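J.: A predicted structure for the sequence below; I have some questions about it.
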Amino acid sequence: MIFKKKLYIKGMDLKQNNNRRSISLIAPLAIGFSLCACGGSEVAGGGPSGTEAGNAITAQILIANAPAANARVKLVEHNSLDGQGYIATANDSGYVTIENVAVGSYTMEASLNESALQLPVDVKDTVSDVALGQQNLQKSVFIGGSIADFIGDTTESLKNMNGFVKFRGLDHSAAITNGKFEIFGLPAGHLNMVIIPTETADTVKVSVETDAGDSVTTLKPTAPESENETLLIDDFEDGDFYHRLAPEYTNFIFGSFGGQWAINTDPVFINDSSNPASFTITPAASYANFGSPFVAVIQDDGNGGKEVHFTIEFPDTSAYKQASAIVKVDIGNSGVSYDLTPIDTIAFEAWGQGTAVFVIIDATLKDVDASLGGAAFTIGKTSMELTQEKKKYKFALADIVPNEETRKSATTMGLVFHSNAELHFDNLEFIGNDLLNIWKLKE
Ligand SMILES: [Ca+2]
Ligand SMILES: [Ca+2]
């Protein structure tokens with residue numbers, strides 16, 4: 001069941017706006033509709049209109065994929081609140097035809113027993129037919145209960161209000177008595193509901209999204225869909241080896257902050273051509289670069305910004321089968337784990353050549369076999385084939401680390417390589433809710 005609440009109250013307050021009665025809203029619509037002069041005309045289901053001039057709306061109404069004989073069909077102007085319109089009945093084969101329909105926008109509702117459907121129908125001219133094809137009835141929807149509960153408004157006058165509930169474009173209405181109402185047999189889908197008090201208050205409009213068979217008693221205003229926030233972890237524009245939040249949320253210790261980027265290799269040798277166990281990283285990274293070898297691989301992105309960009313060549317793989325390299329960032333302080341629960345999705349741009357494995361690591365894990373090296377601390381991973389074209393990756397944290405408890409302790413994330421590669425990398429983002437809590441709860 002999906003609820004989307006679009007509630008507004010005309011004027012500011014239901015209690016105080018006594019002057020603007022609902023009739024002022026309803027009347028123009030009612031007048032507009034009366035020009036249609038079509039209410040109540042019943043057209044039996046049957047064949048096409050032959051040589052007669054005029055349009056026809058045709059459909060075959062089904063229930064569980066069988067003809068819905070005698071289904072009641074009504075065509076109501078889509079903004080209308082009075083439920084008046086064209087009426088027809090499906091024949092034994094479920095076919096229904098409504099002829100000579102005035103130009104306009106309508107909602108077609110079909111119903112049979114406890115099933116119903118609604119369809120928007122646009123009639124653009126008075127000569128072209130509108131064929132709606134086969135349409136299946138679905139279990140209808142119930143809306144009811146207490147108006148105050150339904151719209152989540154505890155205003156006193158609403159609790160005991162009297163009035164009517166109506167639906168735009170549909171022939172459904174119900175009385176509200178002492179704040180209570182019940183409507184059965186509504187077609188599933190988007191329902192534009194209007195609450196019209198008999199006195200002392202303005203109309204209230206709500207739109208309700210329903211699925212077949214729903215029983216709706218509240219719009220659940222307390223649970224609006226929370227907007228996800230996106231937190232940029234690093235875009236490398238500052239050219240340093242800390243992620244963007246490191247200076248604020250990590251400690252300055254041993255001459256530097258946490259939240260550091262690094263490239264680590266196993267075996268540990270880099271750019272030593274005399275050592276057969278050495279990796280070659282280009283541009284050449286060394287500890288001479290401002291204290292971190294990582295700074296060297298932050299390069300111009302060709303569009304006025306910066307990105308991580310390097311190639312890595314592995315040592316002789318016949319001698320070092322287990323060789324690996326990782327580009328990684330500590331989430332916070334070195335050696336401290338963080339609860340990643342606020343993260344829904346981890347996103348970044350990556351492209352280049354070769355295979356990378358995106359990993360999440362908890363280096364605080366104790367019960368691991370030290371001989372396995374850093375890989376033993378991996379709590380989640382997913383493989384990615386780098387493409388020549390820039391690509392935005394989005395990984396749901398729950399997919400990478402399915403165990404909820406495991407997500408609560410992580411130190412590091414990064415990309416692991418097991419063979420030669422070229423990597424472009426930029427714009428690491430966390431997407432979720434209350435993302436700063438990852439760090440704040442550790443303060
Ligand atoms: Ca960038
Ligand atoms: Ca940075």
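T.: Everything's here; your move. Numbering: from 1, shown residues only. Ligands and ions are numbered 1, 2, ... in the order given.

J.: figure out the helix or strand that the residue of the stretch 251-400 of the chain found nearest ligand 2 lives in.
T.: Proximity of the stretch 251-400 of the chain to ligand 2 (Cβ to the ion) peaks at Trp261, 7.3 Å away. Every residue, glycine included, has its C-beta placed from N, CA and C. Take DSSP states H and E as the rule and Trp261 turns out to sit in strand 261-266.

J.: what's whichever helix or strand comes after that strand packed up against?
T.: Toward the C-terminal end, the helix or strand that comes next after strand 261-266 (DSSP H and E) is strand 280-282. For strand 280-282, the packing partners by 3 or more Cβ pairs under 8 Å, 6 or more residues apart in numbering; DSSP states H and E come out as strand 306-313.

J.: what about the residue of the stretch 51-200 of the chain at minimum distance from ligand 2, neighbour count?
T.: Using Cβ to the ion, the closest approach of the stretch 51-200 of the chain to ligand 2 is made by Gly152 at 44.2 Å. Other residues near Gly152 number 14, with proximity taken as other Cβ atoms under 10 Å.

J.: quick one on the thing from earlier: quick one: the residue of the stretch 251-400 of the chain closest to ligand 2 and Phe294 touch, right?
T.: Yes. Using Cβ atoms under 8 Å, Trp261 is in contact with Phe294, at 4.6 Å.

J.: shared neighbours of those two, anything?
T.: Phe241 (Cβ atoms under 8 Å, 6 or more residues apart in numbering).

J.: partner strands of the helix or strand harbouring Ile326 and their direction?
T.: If you go by DSSP H and E, Ile326 is part of strand 324-330. Sheet pairing of strand 324-330 (DSSP bridges) gives strand 261-266 (antiparallel), strand 412-417 (antiparallel).

J.: other SSEs contacting the next helix or strand after that strand?
T.: Moving toward the C-terminus from strand 324-330, the next helix or strand (DSSP H and E) is strand 343-353. Applying 3+ Cβ pairs under 8 Å, 6+ apart, we find strand 343-353 packed against strand 391-396, helix 397-400, strand 421-432.

J.: ok so, going back, which one of the strands paired with strand 324-330 is the most hemmed in?
T.: Across these, the average number of neighbours (mean count of other Cβ atoms under 10 Å) peaks for strand 412-417, which reaches a mean of 23.

J.: who touches it?
T.: 312, 314, 324-331, 346, 350, 354-363, 375, 381, 423, 425.

J.: for Pro267, find the nearest of the helices and strands packed on strand 343-353.
T.: With respect to Pro267, and counting by Cβ to Cβ, the nearest of those is strand 421-432 at 17.0 Å.

J.: now do the helix or strand following the closest one: everything it contacts.
T.: Using DSSP H and E, the helix or strand that follows strand 421-432 towards the C-terminus is helix 437-440. With contact meaning Cβ under 8 Å, 6+ apart, helix 437-440 is reached by 245, 248-250, 331-332, 338-340, 342-343, 430.

J.: ramachandran angles for the residue in the stretch 251-400 of the chain that ligand 1 sits nearest to?
T.: Per Cβ to the ion, the residue of the stretch 251-400 of the chain with the smallest distance to ligand 1 is Gly305, at 4.3 Å. Phi and psi for Gly305, reported as degrees, to the nearest 10, are phi -120, psi -170.

J.: identify the residue nearest it in space, chain neighbours excluded?
T.: Spatial nearest neighbour of Gly305, excluding adjacent residues (Cβ to Cβ, 6 or more residues apart in numbering): Glu237 at 5.9 Å.

J.: isn't that neighbour up against Lys306?
T.: Yes. Counting by Cβ under 8 Å, Lys306 is a contact partner of Glu237 at 5.4 Å.

J.: thinking again about what came up before, among the strands paired with strand 324-330, which comes closest to Gln60?
T.: Across the strands paired with strand 324-330, closest to Gln60 is strand 412-417 (Cβ to Cβ), at 55.3 Å.

J.: related to what we said a few turns ago, want to throw the helices and strands packed on strand 343-353 into TSV with mean neighbour count, mean pLDDT and distance to ligand 1?
T.: Listed next are these as TSV, based on neighbours: other Cβ atoms under 10 Å; pLDDT from 0 to 100; distance: least, Cβ to the ion, whole Å:
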stretch	mean neighbour count	mean pLDDT	distance to ligand 1
strand 391-396	14	93	13
helix 397-400	16	92	23
strand 421-432	20	97	4
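
J.: could you dump the ones you listed to JSON lines with distance to ligand 2?
T.: Converted to JSON lines, the helices and strands packed on strand 343-353 look like this (distance: least, Cβ to the ion, whole Å):
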{"stretch": "strand 391-396", "distance to ligand 2": "19"}
{"stretch": "helix 397-400", "distance to ligand 2": "22"}
{"stretch": "strand 421-432", "distance to ligand 2": "10"}
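
J.: so which of those gets nearest Ser157?
T.: strand 421-432 (40.5 Å).

J.: the closest one vs strand 261-266, what angle?
T.: Counting by axes from the mean of the first three to the mean of the last three Cα atoms, to 10 degrees, strand 421-432 lies at 130 degrees to strand 261-266.

J.: given strand 421-432, what are its sheet partners and their directions?
T.: strand 229-234 (antiparallel), strand 306-313 (antiparallel), strand 343-353 (antiparallel).

J.: residues of the last one that come out buried?
T.: For strand 343-353, the neighbour count (16 or more other Cβ atoms under 10 Å) marks 343-352 as buried.

J.: average model confidence for that strand?
T.: Average pLDDT, strand 343-353: 96.

J.: how far away is the closest residue to ligand 1 within the chain from ligand 2?
T.: With Cβ to the ion as the measure, Asp235 is the residue of the chain nearest to ligand 1, at 3.8 Å. For Asp235, the distance to ligand 2 (Cβ to the ion, to the nearest Å) stands at 8 Å.

J.: list the contacts for the closest residue to that residue other than its chain neighbours?
T.: Distances taken as Cβ to Cβ, 6+ apart put Asn427 closest to Asp235, at 5.2 Å, once the chain neighbours are dropped. The contact partners of Asn427, by Cβ under 8 Å, 6+ apart, come to 232, 234-235, 347-349.
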